[in-house]
Every structure is written in structure tokens, then in C-alpha cells.
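# based on what follows, work out the 3D shape:
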Amino acid sequence: MKELIKNGDQYNIANASFNNKITNISNKLCNVHKDTNFVVLHTYIDVNYLFDSYMSNNFDLNNVENMFHTMNFNSPLHVLNLWCNYYVGNTSKVKQLSEVLAKNMKKNKNIFIYFDFHEYSINEDKSKDSNLDYDVHSTCILLHPDNNNQYNSYYINSHGEALSLSDCTYEKKISRKRYKTITLNYPLDFYVLNHLFKYINVHNKTYNNNVPIINYKPTKKHNYIGPNLQGGDKFGICFVFPFLIFVNIILNFRIKFTIEYNNNYYKYTSFCKLLKSNNIQKIIMLTMCNYNNNLKYIITQQQDIQNDLIEQDISCTIEKEGTKYTKYLYNILFNFIKSNQSE
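As a prediction, this is how the structure comes out:
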């Protein structure tokens, strides 16, 4: 696995900058599969900087979401006015996220956002004998129109159920070698996204006419809290999971998803129908279980893949598979990028 990652570094795979290999190839797939009506964006938020702004303005951290109705042009909440990478054809552009979302939502587009958390969590190994070092964590968001002229949002962190409601904290850096633990009313990811979408909705209402509302709440309806897909990952390849999910959505959007196991073919509903019914967790489960025979067995031999016992079996299997599963997934991404390198 270490050798594989070293080879991947030659192609700059683990790159959180705009217009990286993953987002560039994803956009090319959108151009090829125009019938899916998807666009790809990439944005990030610096969590440490966000809390710097909140705390310097004496915000009640667990009451910020109630302050958006009083937001004005000079509001410190504009720290949530993020920049994003998007594409016009194959040309990379950078613009405010709210503006790009507004334009695409007016066109009724399906939107896939590669979403990076900078300064997400302290890397204990790298911080032992030196200054505090944070990790970047790569996640993604699906936005799709509903039947009420609004947009549904669905946030996917590959750790899923590991985003425990009991762990609602953030380790905020206060000096080169010191941090303090901040207690929040939601897990960090949900806390930030709840504010972000509230901000975008207010911003669009103020500056853009006739832009659909984005529905988001820190609940199961809008967040993946299924099996921990990184349960066996000891190398931190979070960026692989959003890409594999996106590729599978694009390639199986209007056809029945098929899993081959023991010379039998099991067909499931197209991802387009699952998206319309907001059954995105099923999309994720089908996608990731298609990359391992033990997981295929669990899925194909059961009727309801969202059953709690099945999810527990999937989590345990992924953890037991460990680096074997991790290496296989990373290798898929590596070969995909390597084969598209010359294009």
C-alpha cells in the first residue's frame, strides 16, 4: 500500500487544490454523459479560520444558525461565502460558490460537489514533537431538484456512522503547539454544513432572484450515516470514496445497477430513480459493496440493504478486510487517473 501511494503521488492524486486530477476527470465524464444533467464543483472550507471569525465576533457557537435572518452586507457570517472551482466545457474557472450554485440550480442541474474540510482534525502523529499539524478531509455533497421547485442536499462523509452524535467537538488551534476543545451542538460536519446552506439560501434570496431553496438539516435524511467505509483504512485515502461514488452515479444513472456474484447477476433500480426518491444511502451501499466479494454476498443475499443488521455486517466486513480493501479501491482510482493522464 505504501508503494502504491508513492506511485500515486507521482500523479498528484491526493491533491486538494482546485482543478486537480479527480475533479478534472469528473468534469470530462459529465461532458460525455450529458444525459445525466450533472455538473461538478469543488470547494473547501478552512474550519480553524471559520471558528476564528465566530469567536472574534463573540458568537454563541451553538446559536449561530439563528443569526442569519439579521445578516447584512458587512456581516462576519460572510466567512461562509466560499470560493469554488467549476468548468465551462473543459476550461477550469473559479468563482463564488453561491453564484455558481444559483446559476446551475436555475438550469435544474444535478450538482456533485467535492467538498474538502481544511484544518479538519489534528494529526497526532505529525504533531508529537513539532507544531500542531491538521489533516484535510475530503467529502462530497449531492444536490438535486425535487418536485417542489426546491433542492435536496445529501452530504457524504465516508466515515458514515462514525460521525457519532456523541462526538460534537472541534480541537481549535490557539497557538503553534496548543489547542482547546470546542463543544458544539452537532457533529462538526453537520454543524458547518447547517450554517453553510443557511448562508447560501439567505445570500441567494438577497442577491439572486428566483433561485430554489436548498433543503438541509443535520439528520439522516440529508446525511450519510451508514457503515463506515473507511473502517479498514490505515492510510487516509478519504479522497477515493467521493470519486468512486460519483463515477458509479454517472455510469449507472439511467440503467439498472448490476452486481455479479457467483456467476449470477443481480439487478437493482437505476441511480436516477434512487436519486429522485432521495434513497442515496442505497446508492452508496450498492456502489461500495460492488468492490468486494464478501460485501457482494451480504448485499445480494438480503432483501433490504438498509437493515440495521446488514449495515453492521458491512461495517465489520470492511474493518476485517482492512488494507486489502483499501488497496483495491486506491488502485482503481490510480489506474483511472493514470489511463487519463495523456488526455
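
# what number of residues lie near the residue lying closest to residue 20 once chain neighbours are set aside?
By the measure of Cβ to Cβ, 6 or more residues apart in numbering, the closest residue to residue 20 outside its immediate chain neighbours is residue 12, 7.0 Å from it. For glycine as for every other residue, the C-beta is placed from the backbone atoms N, C-alpha and C. Residues lying near residue 12 (other Cβ atoms under 10 Å) number 12.

# any stretches of the stretch 101-250 of the chain with poor pLDDT?
124-130, 165 (pLDDT under 70).

# how about the strands in it?
Taking DSSP state E, counting those that start in this stretch, the strands of the stretch 101-250 of the chain run over residues 110-122, 134-145, 151-156, 169-173, 179-183, 214-215.

# mind checking the ones you listed for the one nearest to residue 4?
strand 134-145 (17.9 Å; Cβ to Cβ).

# okay, the closest one in CSV with CA atoms only?
Presented in CSV, the C-alpha positions along strand 134-145 are these (Å, rounded to 0.1, in the frame of the first residue of the first chain):
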residue,chain,number,x,y,z
TYR,A,134,-4.0,19.4,10.8
ASP,A,135,-5.4,16.9,8.3
VAL,A,136,-7.6,17.7,5.3
HIS,A,137,-10.7,15.5,5.0
SER,A,138,-12.3,15.0,1.6
THR,A,139,-16.1,14.5,1.4
CYS,A,140,-18.8,15.3,-1.1
ILE,A,141,-22.4,16.7,-1.4
LEU,A,142,-25.2,15.8,-3.8
LEU,A,143,-27.7,18.5,-4.7
HIS,A,144,-30.7,17.5,-6.9
PRO,A,145,-34.1,19.2,-7.7
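
# so what strands line up beside it?
Strand 134-145 sits in its sheet next to strand 110-122 (antiparallel), strand 151-156 (antiparallel), going by DSSP bridges.

# doesn't the residue nearest to residue 20 fall inside a helix?
No - according to DSSP: H, G, I helix; E, B strand; the rest coil, residue 12 belongs to no helix; its state is coil.

# surely it meets residue 21?
Yes - with contact taken as Cβ atoms under 8 Å, residue 12 and residue 21 are classed as touching, separated by 6.3 Å.

# max-length helix in the chain?
helix 308-339 (DSSP state H).

# and that one, what does it pack against?
With contacts taken as 3 or more Cβ pairs under 8 Å, 6 or more residues apart in numbering; DSSP states H and E, helix 308-339 sits against helix 2-9, helix 21-32, helix 240-251, helix 293-300.

# CA atoms only for stretch 88-108, dumped as PDB, please.
Output of stretch 88-108 as PDB, limited to C-alpha atoms (Å, rounded to 0.1, in the frame of the first residue of the first chain):
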ATOM      1  CA  VAL A  88     -17.200  25.800 -18.700                       C
ATOM      2  CA  GLY A  89     -16.700  22.900 -21.200                       C
ATOM      3  CA  ASN A  90     -13.200  21.700 -20.300                       C
ATOM      4  CA  THR A  91     -12.000  25.100 -19.000                       C
ATOM      5  CA  SER A  92     -11.400  25.500 -15.300                       C
ATOM      6  CA  LYS A  93     -13.000  28.600 -13.600                       C
ATOM      7  CA  VAL A  94     -13.100  29.900 -10.100                       C
ATOM      8  CA  LYS A  95     -16.000  31.900  -8.600                       C
ATOM      9  CA  GLN A  96     -18.100  32.300  -5.500                       C
ATOM     10  CA  LEU A  97     -19.900  29.000  -4.700                       C
ATOM     11  CA  SER A  98     -23.300  30.700  -4.100                       C
ATOM     12  CA  GLU A  99     -23.200  32.300  -7.500                       C
ATOM     13  CA  VAL A 100     -22.200  29.100  -9.300                       C
ATOM     14  CA  LEU A 101     -24.900  27.100  -7.400                       C
ATOM     15  CA  ALA A 102     -27.500  29.800  -8.300                       C
ATOM     16  CA  LYS A 103     -26.700  29.600 -12.000                       C
ATOM     17  CA  ASN A 104     -26.900  25.800 -12.100                       C
ATOM     18  CA  MET A 105     -30.000  25.500  -9.900                       C
ATOM     19  CA  LYS A 106     -31.800  27.800 -12.200                       C
ATOM     20  CA  LYS A 107     -31.000  25.300 -15.000                       C
ATOM     21  CA  ASN A 108     -32.300  22.500 -12.900                       C
END
